[in-house]
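A.B. asks: everything below, folded, please.
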Amino acid sequence: MNDLLTERLILHPFTIAEAERVAAGQAGPADNWAPDYPSEGERVGAGMFVKYQTAHPFGGYEIRLREGGTAIGGIGFHGAPDEHGHVSVGYGLSASARGNGYAREALRAIVAAAPGWGVTSLKGDTDHENLPSQRVMEAAGLTFTHEDGELKYYAIELQTPTER
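C.D. replies: This next block holds a predicted model:
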């Protein structure tokens, strides 16, 4: 699978070897990581990709800056879509990369590409107090659907190319 490109980012589909290094937090000689990458969340996400080895496009992606190629975070699906085309997504950035609109830009790229992959709805969730993540999802077109004692949930309905 090819990289997804945005104006400022490269969403690079993880290989198993890349994801193993991120999960272990040990860069290889060719890796170009921000000093605070990977975060604990990125390590967990990469570890899940290694464990389940979900085929792309529904695996994990490393978020890299187009200028310089530095890895700053990750975004990915929590498995393949269900029989109705519904899939969940998660994302995270290194602390040094936050506040620049990178998460919003990465999520918008996934939202734009997902209908071409047969996705009919994209879902995400976040802790109640994580206002930046809530704003990212809203800026990417997801709307608040409900909450429980732990999380707030967001979703967007998508039209696949055959429905347009």
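
A.B. asks: SS state for the most centrally placed residue in the chain?
C.D. replies: Central residue of the chain (Cα atoms, centre = their mean): residue 75, 1.6 Å from the mean position. Under DSSP: H, G, I helix; E, B strand; the rest coil, residue 75 falls in the strand class.

A.B. asks: need the contact list for it.
C.D. replies: Counting by Cβ atoms under 8 Å, 6 or more residues apart in numbering, residue 75 makes contact with 11, 60-61, 63, 89-92, 103, 106-107, 110. Using the backbone N, CA and C atoms, a C-beta is placed for each residue, glycine as well.

A.B. asks: so which of the residues you listed are in helices?
C.D. replies: Residues of the contacts of residue 75 located in helices (DSSP state H): 103, 106-107, 110.

A.B. asks: how long is stretch 26-41 end to end?
C.D. replies: With Cα to Cα, to the nearest Å as the measure, the ends of stretch 26-41 fall 15 Å from one another.

A.B. asks: now do the same for it: mean pLDDT, whole number.
C.D. replies: Average pLDDT, stretch 26-41: 95.

A.B. asks: so how far is the lowest-mean-pLDDT helix or strand in the chain off the chain centroid?
C.D. replies: Of all helical and strand segments in the chain, the minimum by mean pLDDT, DSSP states H and E falls on helix 40-52, at a mean of 91. Relative to its parent chain, helix 40-52 has a centroid offset of 12 Å by Cα atoms, centre = their mean, to the nearest Å.

A.B. asks: list the helices and strands it packs on?
C.D. replies: Packing partners of helix 40-52 (3 or more Cβ pairs under 8 Å, 6 or more residues apart in numbering; DSSP states H and E): helix 16-24, strand 60-65, strand 71-77, strand 86-93.

A.B. asks: the same query, at a cut-off of 6 Å, please.
C.D. replies: helix 16-24, strand 71-77 (3 or more Cβ pairs under 6 Å, 6 or more residues apart in numbering; DSSP states H and E).

A.B. asks: who wins for proximity to residue 37 among these?
C.D. replies: strand 71-77 (5.3 Å; Cβ to Cβ).
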